[in-house]
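# whatever this is, show me its structure:
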Amino acid sequence: MRDKIWYMAVILTLVGFTAGLALAGVKQLTDPIIQSRLLEKKIKPSLERFFDPLELTNNPIEDRVTLDLGRDELGRRKTVDVFVGKTGGALRAVALKTAAPGYGGDVEVLTALDLAKKEILGVKTISQKETKGLGARVGDDDEAFIQQWAGLSYEHHPALAAHGGEVDAISGATITSVAFVKAVNKAIDLFDENRDKIAESGGDR
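Modelled structure (predicted):
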């Protein structure tokens, strides 16, 4: 009986190990495809909308800088892409995709900054799982909550009106609104902390 239990334990371990390797392999194959689709379908059109009026002389996607943020609690590498916009070789604008926990999960936001004017060029929700009709409204580019960000100064970090700031929250979706503000401010902080590295790494090609 003991031999049978030992045999079953070994088999289960091998099955689990094999399944883990298979899942890791699938993830390794599919991640680049998912990333490519995300760039093409959501990020590229948004960057064009935010950056085109600036008449940049480089390609922000090709010149993107990847910041290494260390590892999470599970030991996985954390990174963030910074899409760099330049005019005549000088850093003019950046856009970063960051996230913060909302009501239904992480709210991922693309934040574009005009470095000359020190203003937010615009914001775009990349992914969200918020409540339909309430927090999910952050996914609508025509939503007043989304449109109000363009032109806001980022020097003192935007905040909700309820917290003394100038951003009006989505009615009935305070948690989502707070998450969105946190994601935007995370992008601002990451840029401030890595400004020199970004300026040195991104460039005309």
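
# and the contacts of stretch 189-196?
Identification of contacts with stretch 189-196 by Cβ atoms under 8 Å, 6 or more residues apart in numbering yields 67, 80, 82, 94, 96, 98, 113, 198. All C-beta spots, glycine's among them, are computed from the backbone N, C-alpha and C.

# tell me how far stretch 51-68 is from the chain's mean position?
On the basis of Cα atoms, centre = their mean, to the nearest Å, stretch 51-68 sits 15 Å off its chain's mean C-alpha point.

# straight-line length of that stretch, end to end?
Criterion Cα to Cα, to the nearest Å; first-to-last residue distance in stretch 51-68 is 25 Å.

# show me what the one helix or strand Leu110 maps to is packed against.
Taking DSSP states H and E as the definition, one finds Leu110 inside strand 106-114. Judged by 3 or more Cβ pairs under 8 Å, 6 or more residues apart in numbering; DSSP states H and E, the packing partners of strand 106-114 are helix 44-51, strand 90-101, strand 119-127, helix 174-193.

# and the closest residue to Val80 other than its chain neighbours, helix, strand or coil?
Once flanking residues are discounted, Val80 sits nearest to Leu67: 5.1 Å by Cβ to Cβ, 6 or more residues apart in numbering. Secondary structure, DSSP: H, G, I helix; E, B strand; the rest coil: Leu67 is strand.

# is it true that Leu67 touches Phe83?
No: taking contacts as Cβ atoms under 8 Å, Leu67 lies outside contact range of Phe83: 11.8 Å.

# looking at these two, which has the bigger crowd around it?
Set Leu67 next to Phe83 and count neighbours by other Cβ atoms under 10 Å: Phe83 wins out with 26 against 17.

# contacting residues around the more buried one?
The contact partners of Phe83, taken as Cβ under 8 Å, 6+ apart, are 43, 47, 60-61, 63-64, 94-96.

# ok so it is a strand residue?
Yes: Phe83 forms part of a strand when assessed by three-state DSSP.

# how far away is it from Arg77?
In this view, Phe83 and Arg77 are 20 Å apart by Cβ to Cβ, to the nearest Å.

# likewise Ile11?
33 Å.

# can you check Leu96 too?
Remark: distance between Leu96 and Arg77 (Cβ to Cβ) = 17 Å.

# again with Gly133
Where Arg77 is concerned, Gly133 sits at a distance of 37 Å (Cβ to Cβ).

# give me the pLDDT value at the nearest residue to Gln147 once chain neighbours are set aside.
Spatially, and ignoring its direct neighbours in sequence, Gln147 is nearest to Asp141 (7.8 Å; Cβ to Cβ, 6+ apart). Note on Asp141: pLDDT of 96.

# again, but for the one 3 residues further on
Among the per-residue scores, Ala144 holds a pLDDT of 97.

# can you get me a residue count around it?
Neighbours around Ala144, by other Cβ under 10 Å: 10.

# quick one: it and Asp168 touch, right?
Yes: between Ala144 and Asp168 there is a contact under Cβ under 8 Å: 7.3 Å.

# what sits against the residue nearest to Val80?
Applying Cβ under 8 Å, 6+ apart to Leu67 gives the contacts 79-82, 190, 194, 197-198.

# out of the residues you listed, which are buried?
For those, a burial check counting by 16 or more other Cβ atoms under 10 Å picks out 80-82, 190, 194, 198.
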